[in-house]
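Asker: could you work out the structure for the sequence below:
(2 chains)
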Amino acid sequence: MAEPAAMSWRNPWVRTSVGVLVALTVVAMLVGFLWLPSAQADFSAQGLWASICRAAGAPSSWASATDAARTAPPVSTEVVLERSMARASGSDAVGRGATLALNCTMCHGAQGLSGSDAPNLAGQYPEVVVKQMHDYKTGKRASPIMEAIGKALPERAIADLAAYYADLPKARTAPTTYDEPLPALVRVGDPMRNIAPCISCHGGVDQKFGTPWLEGMPKGYLVAQLEAFASGVRRNDSQAQMRNMARAMTPGEIQEVAAFYARKAGSGERRH
Amino acid sequence: MFLARKLVLAHFWVAFAAFLGAIVLGAWQMYIRSPLSPWINNPEHYYRSVTAHGTVMAYVLPTLVAMGFGYAISELALKRPLVGLRWAWAGFGLVVGGTVLAAGAMAAGKASVLYTFYPPMIGSPIYYFGVVLVVVGSWIWVALMSINLRAWRKENPGATVPLAMYGNLAGAYLWAWTSVGAAVEVLVLILPASLGLTDTINAGLARVLFSWTLHAIVYFWLMPAYIAFYTLFPRAIGGRLYSDTMGRVAFALFLVFSMPIGIHHLFADPQVGAGFKFVHAAMTAMVSIPTLLTVFTIVASAEIAGRLRGGTGTFGWIRALPWDRPMMLAVTFSFVMLGFGGAGGLVNMSYQLNETVHNTQWVTGHFHLIFGGAIVIMYFMVAYELWPQLTRSAPLPAAWLRLQLWLWFIGMLVLSLPWHWVGLLGQPRRMAYFDYRHPALEPQAWTVTMSTFGGLILAASALLFVVILARAHFKRAEPVAFTFGVAAHPGLRPPFALNGFALWIAMMIGLTVVNYGYPIVQLALLKEASVPIVPIGSR
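Answerer: I've put the predicted structure just below:
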């Protein structure tokens, strides 16, 4: 390394280099924190110190008190999806869930595979069941039957039901190969209409946390839900993820993707 | 060369083998999203490929080239055997081991995070362990370069550090400090989330820490190219280096200014204040100074060569230059690409203009032109210059070299100029497919086709490059002794401050603290910045 004299203030190289750098930094800071903010009305509205704080990335308050829309945004769901919801539960939870699930068989099928147009629950991801039951319970998702059932169920019972249904075998279908002629919306979406491919969240390419397993679902159920999302009747999808997809779809496309997922029904769906 | 011959050769071969694989992936990416191919059915395959291409090109290739070239410089410029050869092999082993781990995770589809580590996307811990090993291996190199210089200074008290070694150490110290940002991000924020110890992550802080590394790493990539400009080019064209001191000034300025400017990558990020964004933009502009100093000095050095060869008049010396020599061609191509890419870079770093091109294909065009073009073409020349020494072979066939360089130059322009154009029109980057049937996109489809051909030309050039290097192993001969370029006034002593690094490192660290200190502390304390993680390939 350099000799001590090199780092001495008496060395003109040190004086000049450090002096120029400090001057440059100070000028840049003055421009960035004082001059430029002064040109923006919203930056400088609350005085000089507030404008410096904003330029530093720390506004004195993150939203103004009068901004009612920001303080009370519309809440689509009160469920916060946590990774812990997906952890495998013990057999005791599955057993309790199996007992509780006897109440569900009328619509959702003895093995969680529906014979009616109610959704299949067999093999459904646990956080999906937990979220939907909570949304029914809090009225964020509407159904005369399910809201009533949801309100009667304590937290523990919901977790046990989710554990039980996750434990059942899914409506397995032939594995999706990418050679088969999947509908375009399922496979690649429609970028210019901002429709993401179904398989980027619902399994195939990726399975995003909180998105349900769809294969083998009754077609009537899928069509009804997509229409409900499109019209805004159903709005318990956080950040309007599904509403934004469904709104851009034509009725024909809704039929097409619903038929695609429904046609992949497993043997469990055979009508009794 | 004394001890490091096999070591350097190992570094270069791993680097260039990985490079050849990654370039095939790149060409495939260009083809699969062009109108020549139907839409890719599984976009994840595209992103997996992008991750692998980027990881190899951005981390593995430049790190290994800088390390290998650094070891070679240490022996060739200091004229003494490398100290710490075993440690150097250990560092190499870590880099290779890390690359293998990361490659496994990427190939399994467990780490398609696009090589930029931007949370809340989180890949497999194996991928991050692999990247950490690569970085730790390179830190051994940093330490060894410093130790070797110290040993040389002890033997030659008061002597002037050779320019090549000065640049080498500037690159090493720059890398040591710049890699701290991503290292902290990976160790403190990403790995705990990736290992499942936490399910939220401070995404704002992670992005700021990554920006710490993200821009300065570019100058670490660039150092071997600049060392080649200053110390290989003048000799290869039969001239003199116009100014040795100017080279030192450029290296020192890179140390100071390349580091605390990375927030210009975050202009669209809401978590960073506008004031800091402006300060970083202003500091980024300062980096153009060492670049322009270098262009001036190297062109002046070429003028010396042209006039020594009998060229006269204002432009006559240009015609007298040895255009048949690969180095002449390579540096010319490099400067042309540096010119286009640098001009584009000024657009990127301008706070306002950036709005137009942010996250568009323009950005991809920019860094391919600067790094893949101006810098990598000099990596080729570094390998070509050292190869006869490393393999004890006859001089490489100049006609083949010229063909390879021409292909690279043309391929890179054909690839990246359409990207710039279509980026201005608004094409987003990182798309696995485009809907060319749409009336708004159909007129732009030709640009993607053109880039595909650029990619194919580049792949052909890369293949030729590897063939030239491999062929040399079978053409044994005693090589001509290696020398670096000589300054126009050899023996002039540079100012004291430019024979060491203490002042520049102190300024680098001081400026980093000023420019990054507040945003990092503020975001680290901000509760709202934590968001749920999005694991990749977890189900």
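Asker: and the nearest residue to B:Leu232 once chain neighbours are set aside, which of the three is it?
Answerer: Nearest non-adjacent residue to B:Leu232, counting by CB to CB, 6 or more residues apart in numbering or on different chains: B:Glu385, 5.4 Å away. C-beta coordinates here come from the backbone N, C-alpha and C atoms, glycine included. Look at B:Glu385: counting by DSSP: H, G, I helix; E, B strand; the rest coil, its state is helix.
Asker: can you give me the distance of B:Glu385 to B:Tyr219?
Answerer: Note on B:Glu385: its distance to B:Tyr219, by CB to CB, to the nearest Å, is 22 Å.
Asker: likewise for A:Ser84?
Answerer: 43 Å.
Asker: which one's more surrounded, these two?
Answerer: Ranked by neighbour count (other CB atoms under 10 Å in any protein chain shown), A:Ser84 and B:Tyr219 place B:Tyr219 first, with 24 against 8.
Asker: surely the more buried one meets B:Val256?
Answerer: No - with contact defined as CB atoms under 8 Å, B:Tyr219 does not count as touching B:Val256 (10.8 Å).
Asker: so what's the residue count around residue 247?
Answerer: Unless you meant another one, I'm taking chain A. So A:Arg247, with other CB under 10 Å, has 16 neighbours.
Asker: that's the other chain; I wanted chain B
Answerer: B:Gly247 - counted by other CB under 10 Å - has 30 other residues nearby.
Asker: cool, B:Val336 as well?
Answerer: 16.
Asker: then the one 3 residues further on?
Answerer: Burial measure for B:Gly339: 13 neighbouring residues, criterion other CB under 10 Å.
Asker: surely it forms part of a helix?
Answerer: Yes - assessed with three-state DSSP, B:Gly339 lies in a helix.
Asker: can you give me the distance of it to chain A?
Answerer: 25 Å (CB to the nearest CB, to the nearest Å).
Asker: what sits against B:Phe276?
Answerer: Residues near B:Phe276 by CB atoms under 8 Å, 6 or more residues apart in numbering or on different chains: A:32, A:55-57, B:263, B:515, B:518-519.
Asker: dump those to JSON lines, plus secondary structure, distance to B:Leu425 and neighbour count.
Answerer: Shown next, in JSON lines, are the contacts of B:Phe276 (DSSP: H, G, I helix; E, B strand; the rest coil; distance: CB to CB, whole Å; neighbours: other CB atoms under 10 Å in any protein chain shown):
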{"residue": "A:Gly32", "secondary structure": "helix", "distance to B:Leu425": "31", "neighbour count": "24"}
{"residue": "A:Ala55", "secondary structure": "helix", "distance to B:Leu425": "32", "neighbour count": "25"}
{"residue": "A:Ala56", "secondary structure": "coil", "distance to B:Leu425": "35", "neighbour count": "18"}
{"residue": "A:Gly57", "secondary structure": "coil", "distance to B:Leu425": "32", "neighbour count": "22"}
{"residue": "B:Ile263", "secondary structure": "helix", "distance to B:Leu425": "27", "neighbour count": "27"}
{"residue": "B:Asn515", "secondary structure": "helix", "distance to B:Leu425": "34", "neighbour count": "22"}
{"residue": "B:Tyr518", "secondary structure": "helix", "distance to B:Leu425": "37", "neighbour count": "16"}
{"residue": "B:Pro519", "secondary structure": "helix", "distance to B:Leu425": "33", "neighbour count": "27"}
